[in-house]
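S.K.: fold the following.
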Amino acid sequence: MKGYKLAIGLAIGAALLLPSAAGAAAAKPSYELEWEGGGQSSGTVIARGGVSYIAAKAIASEAGLAISWDVSKQRAQFDGWNKSFAVRVNSDRGVLDGKNTEIGGKPFVLNGELYLPIRFIVKALDGDNVKWNARTQTVTASGLGSYHARSETHNGLTFTVVTATGELYVTGESGESRKLADLGDTIYGAVKFAFYDSPGGLLHLTVTRNYGEPMIQYRVYTAVLKDGELIREAEVSYFRRFVDNATNGGGQLIVTDGRTLELVDDVTGRVAESYDLVKLGGEEDDYFVEGVGPEYLLIRPNDRGLLMLIDRKTGGKTLLYKELLDKLNQEYAETNDVPYFGDWLRFVRRDGDTLYFRNDAPIQQDNKLYAYKLPE
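M.R.: All right, here's what the predicted structure looks like:
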């Protein structure tokens, strides 16, 4: 009986000293990486030959790096804004930002995932403070950088918005990058580039950002470039409503900050004419510029949303919905606030002295063209 009690006591003591199955599972090696801009990534570590490896795909995606894989050479290339590195499976050397380097281990593929030494990944992403916590079986590091960017190429020039800083760069065919503008802090949401090449050899660039929740904030940056050099720029914010501003009219390029309209000479790049949109429209608001002709401007205040034709000679104002729409559509334009007040007239084209519009109002979408004859 004494022997039986002794055995029970030893078994209980052993249970207190040895880790449980759950404890052993919790102690499985892992990593926690902190990003410079905030946030954390974590996952499992695989140890081989005294080196800690982690799956590269998720970390690369978080850092804004695109991965290209050369199957024949077993080579992976990682590219982001001002950041690149490449590794080969089973090779302890790689390339980091154009320079050959040791990577402190040999990359391998497991279950379709490429694994890299964690110290190399932290170094490649400009992080530091790599530490090992033996108690928690965790590798930690901090300060990992972000290389997210939105880019589009047009006629040999690549325009890039750096997500982390909001900086806009242009890169020529030589590979040299120049900063064009600051578009704000961290860029959230969608970014759209639009280009117009003028007959006179100027480039009209528009960068539109759509952000917020539920994506009802718009910020539009406009630039005019000559031979790749910035000569005019403006920026405007819109809320809820959005219509693309026109790019050109009457042989001139359109640049607006929502309050002032500048018409830029197509050849010289100089401002040929300037208009006070608030004074012309009569409302303290930011304006869309939806069309320009020798005799007229088509402008729309963001909040009230009623398209106006402005006589460029006299400054006279015509509310087009009153001229073109029936009473039902007029009432809808004046009273309906879902998704916003205003009419849904869209300028289509000019034919002689007649302007043609379509009505995109949800209550009456038709294929009809509405004609407005310019006054003599």
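S.K.: give the bridge partners for Ala371, please.
M.R.: Tyr356 (DSSP bridges).
S.K.: what is the neighbour count of it?
M.R.: 12 (other CB atoms under 10 Å). For every residue, glycine as well, the C-beta is placed using N, CA and C.
S.K.: make 531 the first number, not 1, from now on.
M.R.: Let's use 531 as the start, then, which means that last one is Ala901.
S.K.: shaky segments in the stretch 781-906 of the chain?
M.R.: Judged against pLDDT under 70, the stretch 781-906 of the chain has no low-scoring part.
S.K.: at 80 what do you get?
M.R.: Low-confidence segments of the stretch 781-906 of the chain, defined by pLDDT under 80: 894-895.
S.K.: now the strands for it?
M.R.: Secondary structure of the stretch 781-906 of the chain, counting by DSSP state E, counting those that start in this stretch: strands at 782-786, 790-795, 801-806, 817-822, 826-831, 838-841, 847-849, 875-881, 884-889, 900-903.
S.K.: output those strands as a markdown table; include the columns distance to Gly714.
M.R.: Formatted as a markdown table, those follow (distance: least, CB to CB, whole Å):
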| stretch | distance to Gly714 |
| --- | --- |
| strand 782-786 | 18 |
| strand 790-795 | 20 |
| strand 801-806 | 25 |
| strand 817-822 | 21 |
| strand 826-831 | 24 |
| strand 838-841 | 30 |
| strand 847-849 | 33 |
| strand 875-881 | 29 |
| strand 884-889 | 34 |
| strand 900-903 | 38 |
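S.K.: between those strands, which gets nearest to Thr688?
M.R.: Of all these, it is strand 782-786 that lies closest to Thr688, at 21.6 Å by CB to CB.
S.K.: the closest one versus strand 826-831: what angle between them?
M.R.: On the basis of axes from the mean of the first three to the mean of the last three CA atoms, to 10 degrees, strand 782-786 is oriented at 20 degrees to strand 826-831.
S.K.: could you check the angle strand 782-786 makes with strand 801-806?
M.R.: Going by the same axes, to 10 degrees, strand 782-786 is angled at 40 degrees with respect to strand 801-806.
S.K.: isn't Val692 right next to Ala679, touching?
M.R.: Yes: using CB atoms under 8 Å, Val692 is in contact with Ala679, at 5.2 Å.
S.K.: before we move on, back to that, minimum distance to Phe615: which of the strands of the stretch 781-906 of the chain has it?
M.R.: When the strands of the stretch 781-906 of the chain are compared by CB to CB, strand 782-786 sits nearest Phe615, at 40.3 Å.
S.K.: please name every helix or strand in contact with the closest one.
M.R.: strand 732-741, strand 747-756, strand 759-769, strand 790-795, strand 817-822 (3 or more CB pairs under 8 Å, 6 or more residues apart in numbering; DSSP states H and E).
S.K.: show me the chain divided up by domain.
M.R.: Domain assignment for the chain, taken from automatic domain parsing, gives 557-674, 718-903.
S.K.: with distance to Lys709 added, can I get these in JSON lines?
M.R.: Listed next are the domains of the chain as JSON lines, based on distance: least, CB to CB, whole Å:
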{"stretch": "domain 557-674", "distance to Lys709": "12"}
{"stretch": "domain 718-903", "distance to Lys709": "10"}
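S.K.: quick one: which of those domains is nearest Glu697?
M.R.: Smallest distance to Glu697 across those (CB to CB): 9.6 Å, for domain 557-674.
S.K.: so what's Gly780 up against?
M.R.: Gly780 sits next to 793, 822-824 when contact means CB atoms under 8 Å, 6 or more residues apart in numbering.
S.K.: which one of the domains of the chain lies closest to Leu687?
M.R.: Proximity to Leu687 (CB to CB) singles out domain 718-903 among the domains of the chain, at 6.0 Å.
S.K.: and the closest one, how far apart are its ends?
M.R.: Using CA to CA, to the nearest Å, one end of domain 718-903 lies 43 Å from the other.
S.K.: and if you look at stretch 681-701?
M.R.: First-to-last distance for stretch 681-701 - CA to CA - comes to 10 Å.
S.K.: ok, and what's touching it?
M.R.: Stretch 681-701 is contacted from outside by 567, 594, 611, 676, 678-680, 702-703, 707-717, 721, 723, 725, 727, 733, 735, 737, 751, 755, 758, using CB under 8 Å, 6+ apart.
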